[in-house]
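Student: predicted structure and sequence below. I'll ask about it afterward.
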Amino acid sequence: MMPSYQVNDDTYGRSGSYNNYGYGGGSDNTVMMKDRYDRPPAYNGRDSNSGTNRKRENGHSRSKSSVVQAPLSTDSEEYERGHWGSKAEFILSCIGYSVGIGNVWRFPYLAYQNGGGAFLVPYFILLLLVGKPMYYMETALGQFARLSPLQIWRCAPIATGVGVGMIILSTIVAIYYNVIMAYSIIYVGASFRGISEDLPWSYCGEWWGADENCVTRSNLTEEQKLTIVLPRCNAYRTENCSSLQSSPEQFWEKYILGIGPGLTEFGDLNGFKYDLPMALALSWVVVFLCLMKGVKSSGKVVYFTATFPYLVLIALLVRGVTLPGATEGLYYLFVPEWSRLLDPIVWRKAAEQMFFSLGLSWGGLIMFGSYNKFHNKIHIDAAIVSSLDFITSIISSCVVFSVLGYLSQQTGIDIKDVAKGGQGLAFVAYPEALASLPLPWLWSILFFLMLFFLGLDSEFALLETSLTALYDGFPALRKHKVKMTALGCISCFLLGLPCVSSNGQYVLDLMDTYGAGFAVLWIALWEVVAIMWIYGYKNFSKDIALMIGSEPMMLTKICWVALCPIILIVILGMALYFWEQPTYSGTIPYPEWAHWIGWGLVGLSAVQVPLWAAIMSMVYCCKRKVSKVASPSKLWGPGDAQVRKAIFEEQNGIAPRKQVYGGYDNQAISAY
């Protein structure tokens, strides 16, 4: 049964007075009617006291008298779902979710790897045609039904597996995402040493494990400048490589990661350092304290965690663009290599990053939207947040590329070779630049705190997505949010421990490459198909009109119905066609069993779509209603109890007054 939603008396997100909903505001009768409609009535087609009062709508038998006999809410607190305290909480939470650590290192790295400006052009095009429409679609869907990504598929039961896949994806990423935040915690602690001495990664210190291959870029000879840009020598690469490592890179691998030789035997994690598991535990404690009361607590925290990173980012931008050589880096970022636009890999990378950055098809946007008030102008919010995410990525890229230009000038190494990919941009290249600034310890502390808070907001959404699915499925658990949040945090901490072992970086890389790769595109494709083709774009447009007063623009509908699925099919096909087995840092291969585990992670979420389609088809077949598996269930409809009540009254003439929802004729909804 759909949980109730207690609508407050404030005006945020509401259009019109509740007096227009067909009942008065102060009588005992009003209270009784509100209780009766607090949850959707169960229409089961049974005969009522009189057949003369019965109506037929959408093929279902209805009886006014059955409404009076509808079961009341047994415990209003049990079904209390909660909502954002203000519109600002929703927007800041969405910003914090979409703007994460990936905006600082993943977006700039992909631009760095794919021709700078040549990467920005396809990214912007795909953002307009796919990113913004899908962002709008997910947040609006959650706001309309006020359900988690799992229960939202009452609109099309055959697509239940899409919601299950979203929950699994979010859980997988939640497990390893906090590990990256743990790295930031250790860097913050190490930065405090810079108050009394040089930052530890600015020199080759024996105390943190530097060896004879450690060099500082400021003291490189001409010969070393030529060799340090080569791939790192290891057991798998002995020719055309270099054994030299810069001090920031060696500090990252030896002190922070304590990285092992690689994955060899199944289950061999090569031991643990004490500090990284402790940092991971601290990170999960912070997540628990912020999330233990759901959006009621996290909605207050985001006022700081979503704004503080912007203050630091703007400060770093101002400092970065004034560095010597910054213009060279910015030139590389914004002036495209036009020939790269014809490279399909550049377009594929741009599409993958767009999904990763905006948080599409992970379930978090549906979850956040579900805590909105029904008449919130969601189309404006979606446009603002999706645009701000792109702007933030550009600002982050300017910060990173100005620093790369500075490092290139300081070391004499070409900007294309000055930094290595992946997390190395955030934990190697940028710390190296910070070490050469005035008050380096202060800039370092601010930078790594920024990374931590960027990750914290995203972690809120990832974990809360799974918890919300539990609360909506088992409403009684809402009384135990603190316990459930603690259980979720402890479980994710234990599952994340392999990622902080000596071989943990390899485990994390596999989880990121496989677990958050193909499956996202696969689920996104079926999400669009289910909503726009099975539930129907016309029905969805009417649902939006019910909330905000007007249907989406025609261009948005075209993107939903045609462009989004076509582009997703092309991108998914390209990703499979150009697939190559991943290696760590481009040099260390993974054993075959590791790749099988990786594909198992892909299948764990991807297989849910056909699996649950088959399960739901069999369930409906047993009910002798197999054709209904692609139709909305009787529990589907507006999540706002007052709106449900008003629609029912207007359509059945129970308390006819001013017709507010009389024009709402979504034929897919059968529960009213």
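Tutor: Here it is on my side, so go on.

Student: apart from its neighbours in sequence, what residue is nearest Thr556?
Tutor: Pro133 (5.5 Å; Cβ to Cβ, 6 or more residues apart in numbering). Every C-beta, even on glycine, is put in place using the N, C-alpha and C of the backbone.

Student: ok, and what's touching stretch 251-260?
Tutor: 183, 186-187, 190, 200-201, 208-211, 245, 269-271, 273, 276, 424, 427-428, 501-506 (Cβ atoms under 8 Å, 6 or more residues apart in numbering).

Student: filter those to the buried ones?
Tutor: 183, 186-187, 190, 200-201, 208, 210, 245, 269-270, 273, 276, 424, 427-428, 501-506 (16 or more other Cβ atoms under 10 Å).

Student: which residues does Arg348 contact?
Tutor: Counting by Cβ under 8 Å, 6+ apart, the residues that Arg348 touches are 571, 574-575, 578.

Student: again, only this time at 6 Å
Tutor: 571, 574-575 (Cβ atoms under 6 Å, 6 or more residues apart in numbering).

Student: how about CSV for these, with secondary structure added?
Tutor: Listed next are the contacts of Arg348 as CSV, based on DSSP: H, G, I helix; E, B strand; the rest coil:
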residue, secondary structure
Ile571, helix
Met574, helix
Ala575, helix
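
Student: quick check, nearest of the residues you listed to Leu280?
Tutor: Distance to Leu280, by Cβ to Cβ, is smallest for Ala575 among these, at 30.7 Å.

Student: which of the contacts of Arg348 has the most neighbours?
Tutor: Ile571 (24 neighbours; other Cβ atoms under 10 Å).

Student: please tell me how far that one sits from Val428.
Tutor: Plainly put, Ile571 is 30 Å away from Val428 if you go by Cβ to Cβ, to the nearest Å.

Student: likewise for Val570?
Tutor: From Val570 to Val428 the distance is 35 Å (Cβ to Cβ).

Student: now do Pro344
Tutor: Applying Cβ to Cβ to Pro344 and Val428 gives a distance of 30 Å.

Student: ok, back up a step: of the buried ones among the contacts of stretch 251-260, which belong to helices?
Tutor: Judged by DSSP state H, the buried ones among the contacts of stretch 251-260 include 183, 186-187, 190, 276, 424, 504-506 as members of helices.

Student: quick one: Leu341 from Gly115, how far?
Tutor: From Leu341 to Gly115 the distance is 8 Å (Cβ to Cβ).

Student: now Ala351
Tutor: 16 Å.

Student: who has more neighbours out of these two?
Tutor: Ala351 (26 against 20).

Student: does that one touch Leu572 like I think?
Tutor: No. Taking contacts as Cβ atoms under 6 Å, Ala351 lies outside contact range of Leu572: 9.3 Å.

Student: next helix or strand past the lowest-mean-pLDDT helix or strand in the chain?
Tutor: Sorting the helices and strands of the chain by mean pLDDT, DSSP states H and E puts helix 64-68 at the bottom, at a mean of 35. Moving toward the C-terminus from helix 64-68, the next helix or strand (DSSP states H and E) is helix 87-98.

Student: what packs against that following helix?
Tutor: helix 295-305, helix 364-369, helix 378-411, helix 440-473 (3 or more Cβ pairs under 6 Å, 6 or more residues apart in numbering; DSSP states H and E).

Student: which one of those is the most hemmed in?
Tutor: Highest mean neighbour count of the helices and strands packed on helix 87-98: helix 364-369, a mean of 30 (counted as mean count of other Cβ atoms under 10 Å).
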